[in-house]
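A.B. asks: The sequence and its predicted three-dimensional model are supplied below.
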Amino acid sequence: MTAPGEIALFPLRTVLFPGGPLALRIFEPRYLDMVRGVLRTQSDFGVLQILSGGEVGAAQTVDIGTGARIVDFSELPDGLLGISCRGTRRFRVKSRRLERDGLNVGVVDWLDEPAPTALPAEFAPLGQLAQALLAEFTDAYAGVEPRLDDADWVGYRLSEILPLSPSGKQRALELDDAVARLELLAAFTAGLSGRRQARDA
């Protein structure tokens, strides 16, 4: 049970971005209890990328993650609990501890997000790419309102969809500047295009 000022922490081999979707299958008792708690209090839990270890058992994680809010849940065909979440705000872990049942909990600082930034004209191709990719993932993004003129929104969506390395996704999450994130993504997509052209030559 989390103490005042603490949130439950969920180590995963993925990076959750603000506004992004996350689907989880819950079966461990510690996480079933966590789900009941956050639903009862209408609060967030925190998602942190795993550096070493596993999703079951002990894990070393990054310190900067994203809050997750449960938006839907159901019993899956295999009898497990399925939850659908949305990323909320980024946070930095100040301290952490383990509950008796093995649940990670921590005190976090919620990071201030910059004011919305219009997508600069030079990154319009990234906006078009985001629009095209989102059309291929309609189920995952059902209920997510497109904001293709918002530099942060476009950067977050491309960061979660494109095949960046785990460390690349974490770097994209930790960047405070939307334009710097777009520059990172533009360089990545240019590299993909270059490798594709070399392969086809």
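C.D. replies: It's in. Remember, it's a predicted structure, so these values are computed and weren't measured experimentally. Numbering: from 1, shown residues only.

A.B. asks: Please parse this structure into its domains.
C.D. replies: Domain assignment for the chain, taken from automatic domain parsing, gives 6-110, 121-200.

A.B. asks: Can you lay out those domains as CSV showing mean neighbour count?
C.D. replies: Bear in mind the C-beta positions are built from the backbone N, C-alpha and C, glycine included. Below are these laid out as CSV (neighbours: other Cβ atoms under 10 Å):
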stretch, mean neighbour count
domain 6-110, 17
domain 121-200, 16
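
A.B. asks: can you list these in TSV and add mean pLDDT?
C.D. replies: Putting the domains of the chain into TSV (pLDDT from 0 to 100) gives the following:
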stretch	mean pLDDT
domain 6-110	91
domain 121-200	90
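
A.B. asks: Check which helices and strands the longest strand seen in the chain is in contact with.
C.D. replies: In the chain, with assignment by DSSP state E, the single longest strand is strand 81-98. With contacts taken as 3 or more Cβ pairs under 8 Å, 6 or more residues apart in numbering; DSSP states H and E, strand 81-98 sits against strand 6-12, strand 21-26, helix 29-41, strand 45-53, strand 64-75, strand 104-110.

A.B. asks: Output those as JSON lines; include the columns distance to residue 156.
C.D. replies: As requested, the helices and strands packed on strand 81-98 are arranged in JSON lines below (distance: least, Cβ to Cβ, whole Å):
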{"stretch": "strand 6-12", "distance to residue 156": "17"}
{"stretch": "strand 21-26", "distance to residue 156": "11"}
{"stretch": "helix 29-41", "distance to residue 156": "22"}
{"stretch": "strand 45-53", "distance to residue 156": "14"}
{"stretch": "strand 64-75", "distance to residue 156": "10"}
{"stretch": "strand 104-110", "distance to residue 156": "17"}
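
A.B. asks: To residue 179, which of the ones you listed lies closest?
C.D. replies: Closest approach to residue 179 among the helices and strands packed on strand 81-98 is made by strand 64-75 (19.3 Å; Cβ to Cβ).

A.B. asks: partners of that closest one in the sheet?
C.D. replies: Applying DSSP bridges, strand 64-75 is found paired with strand 45-53 (antiparallel), strand 81-98 (antiparallel).

A.B. asks: Now render these as a markdown table, adding distance to residue 134.
C.D. replies: As requested, those are exported to a markdown table (distance: least, Cβ to Cβ, whole Å):
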| stretch | distance to residue 134 |
| --- | --- |
| strand 45-53 | 21 |
| strand 81-98 | 15 |
